[in-house]
Structures are given as C-alpha cells and as structure tokens.
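>>> return a 3D structure for these sequence lines:
(2 chains)
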Protein chains: 2
Amino acid sequence: MKFKIASESENETKVVVKAGGFSMIIDEPENLGGTGQGANPVEYVLAALSGCLNVVGHIVAKEMNIKVGKISFEIEGELNPAKFVGKSDEERAGYKNINVKVIPETDADPEILKKWLIEMERRCPVSDNLQNETPVSIHL
Amino acid sequence: MKFKIASESENETKVVVKAGGFSMIIDEPENLGGTGQGANPVEYVLAALSGCLNVVGHIVAKEMNIKVGKISFEIEGELNPAKFVGKSDEERAGYKNINVKVIPETDADPEILKKWLIEMERRCPVSDNLQNETPVSIHL
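Alright, predicted model coming up:
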C-alpha cells in the first residue's frame, strides 16, 4: 500500500502540503525564525503519532473485547536544535525521546489496559517508524 | 527544547490535535474504514518530513552560498497494513521505505546540490527520527 504527498514551499519555513485530498500548512513559529502560519514539522510528527495510536487503539480494544470511548493523548518530545541550526554535531538532530500519555474513557482493568497499550504500540505504523530504523532515500 | 501536542479522538479514526496554537484533523479515508475528514497519520509523517527538509534546506543553502527559491517535494512511502489490522506479523507495521524527490528552484551545479541534499538529510530532525531509532514511551 502506497501513500504519498506533494509539498511546495511558500517561503523558507512554510510549506503547503497536499495529502489525500487535504491541504496542510506547516511552518515554524516566529520565535524560531518562521512566519508562524502553522504547527511546525516536529509537532506534526507528534500529531501523526496520536492519530495512529487512536486508530490502532480502537482496533485492538475491539479484538480484546474491552470498551474504549474517547481517547486523549498528551505527547511531548525533547530535542537539541544545535545540529539542526549547524552549531554542533554533539547530539542527534531529532527527538531524543518521545513521551506519550494515553487517557482512555474506559472501565477496563488497569492490567488489561497495560496489555492494550503494548499491542497498540507494537502495531502502530507511526510508532514503528519512529522506534525502528526506516530507510529514507532523498534525491533530486 | 520541548515540543508538545494534545489530541482527542472524536471517533475511532478521527482525532483533533492542538499544537503550537493550531488545530489539525487526522482521520482515515472511508475506504480504510475512516470518516474521511483529514489526511491520515502516515500521510502526516510524510508531510512533516517535507516541512522539515524545507526549513533545513534553506538554512544549508545560505551556509553554502547557493541561491535556492521555492522547493517542491514529492514523497511516497510503502507499507503493508497486515500487522496494523492484526492479520499477520510477517512484515513491519510502518513504512518499509520512504522516497523523497526534491525539486529546488535554483541554478546551482548538480554536484553542489548533491552536497546540499546530504547536509539537509543529516540535519533534519524528522529524517533523523525516521532513519534512526527513537525511544517512544507509551503509558497511561
């Protein structure tokens, strides 16, 4: 199954992305040198992770016969911008770690929910692509 | 530097995400069992990659003294949904590979542009998080 997007820059920090019939604006905030017209790329990564965990969370809940209603997510990640801006190569460019808090509306037992979380994480395409190496080929 | 998002599901496939003062809708298309109100999580990942490469591409172009105007990106990734939907564990859940075509408005020499691409890829936080292992902690 293939997924694709097309994206064009409107300025040095802002792109307009076409994906699946939808349009998205990605930018950097003004305090990071951007034009502040959209969430930034690394926030988009965390957003994608929440969307993915929601879908998989509901699929797995059905398989496990547990009732899960609305799921809320609080996700944060920490990175050092030094490599990104060209100041230092000491630390990696991307997130050093990502922390996901999952808050499901459910009466299920905490022990059952632990199993639910493990299966959710294991089968979510976005968490797989972050946790494990993914070949990215960049060319003209 | 910390980045964070908060996300809530509106149904089993759709989430509304708050990030950096902006709101995003992520969903699955109807042919994948969703309600078709936004691009899907794995398309968001490709979108994020384009936004990141645009920012880094312009930073690196300045450092290298090459003029780069608008940059267009065509990005695609291939995945097998079998693990995701619970049918088979034979292949990984996420993208097996991601292919990025970069189309810059520039008069720069192709040899110079190759160096530009390598530096862009090396310093982009999103390509780092995809290409290399990133710890993700998921908890209640």
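>>> and residue A:38, how close does it get to residue B:102?
In this view, residue A:38 and residue B:102 are 20 Å apart by C-beta to C-beta, to the nearest Å. No exception for glycine: its C-beta is placed from N, CA and C like everyone else's.
>>> scratch that, residue A:125
According to C-beta to C-beta, residue A:125 stands 24 Å off from residue B:102.
>>> for residue A:73, helix, strand, or coil?
At residue A:73 the chain is in strand, as set by DSSP: H, G, I helix; E, B strand; the rest coil.
>>> surely it touches residue A:51?
No - taking contacts as C-beta atoms under 8 Å, residue A:73 lies outside contact range of residue A:51: 9.0 Å.
>>> okay, and the common contacts of those two?
By C-beta atoms under 8 Å, 6 or more residues apart in numbering or on different chains, residue A:73 and residue A:51 have these common neighbours: B:7, B:15.
>>> more crowded one of those two?
residue A:51 (33 against 25; other C-beta atoms under 10 Å in any protein chain shown).
>>> could you see whether chain B lies near stretch A:97-115?
Yes - Stretch A:97-115 reaches chain B (C-beta under 8 Å from any C-beta of the partner chain) through A:97, A:98, A:99, A:100, A:101, A:102, A:103, A:104, A:110, A:113, A:114.
>>> who has more neighbours, residue A:38 and residue B:102?
Using other C-beta under 10 Å, the more surrounded residue of residue A:38 and residue B:102 is residue A:38, with 26 against 22.
>>> SS state for the residue lying closest to that one once chain neighbours are set aside?
Among residues not flanking residue A:38 along the chain, residue A:25 sits closest, at 3.6 Å (C-beta to C-beta, 6 or more residues apart in numbering or on different chains). Three-state call for residue A:25 (three-state DSSP): strand.
>>> for the lengthiest helix in chain A, give the mean pLDDT please.
With DSSP state H setting the assignment, residue counts place helix A:41-63 as the longest helix in chain A. Helix A:41-63 shows a mean pLDDT of 98.
>>> buried residues, it. List them.
For helix A:41-63, the neighbour count (16 or more other C-beta atoms under 10 Å in any protein chain shown) marks A:41-61 as buried.
>>> that helix to helix B:41-63, inter-axis angle?
In terms of direction (axes from the mean of the first three to the mean of the last three C-alpha atoms, to 10 degrees), helix A:41-63 departs from helix B:41-63 by 170 degrees.
>>> domains in chain A, by residue range?
If you go by automatic domain parsing, the domain ranges for chain A are A:1-39, A:40-131.
>>> just send these back as TSV, with distance to residue B:93 too.
Conversion of the domains of chain A to TSV gives the following (distance: least, C-beta to C-beta, whole Å):
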stretch	distance to residue B:93
domain A:1-39	12
domain A:40-131	4
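>>> identify the spatial nearest neighbour of residue A:91, chain neighbours not counted.
residue A:80 (4.3 Å).
>>> give the contact list for the one you found.
A:91, A:92, A:96, B:1.
>>> with residue A:64 instead?
Contacts of residue A:64 (C-beta under 8 Å, 6+ apart): A:112, A:115, A:116, A:119.
>>> next, count neighbours for the second one.
The criterion is other C-beta under 10 Å. On that basis, residue A:115 has 14 neighbouring residues.
>>> before we move on, which element is it in?
Residue A:115 belongs to helix A:110-123 when assigned by DSSP states H and E.
>>> tilt between that helix and helix A:41-63?
120 degrees.
>>> show me what counts as buried in helix A:110-123.
Buried residues in helix A:110-123, defined by neighbour count with 16+ other C-beta under 10 Å: A:113, A:116, A:117, A:119, A:120, A:121, A:123.
>>> ok, the second one touching residue A:59?
No - at 10.7 Å, residue A:116 and residue A:59 do not qualify as touching, with contact defined as C-beta under 8 Å.
>>> could you point out which element follows the lowest-mean-pLDDT helix or strand in chain A?
Scoring the helices and strands of chain A by mean pLDDT, DSSP states H and E places helix A:82-85 at the bottom, with a mean of 94. Reading on from helix A:82-85 to the C-terminus, the next helix or strand found by DSSP H and E is strand A:97-104.
>>> how big is the angle separating that next one from helix A:41-63?
Using the same axes, to 10 degrees: strand A:97-104 against helix A:41-63 is 40 degrees.
>>> strand A:97-104 - what's its average pLDDT?
Mean pLDDT, strand A:97-104: 98.
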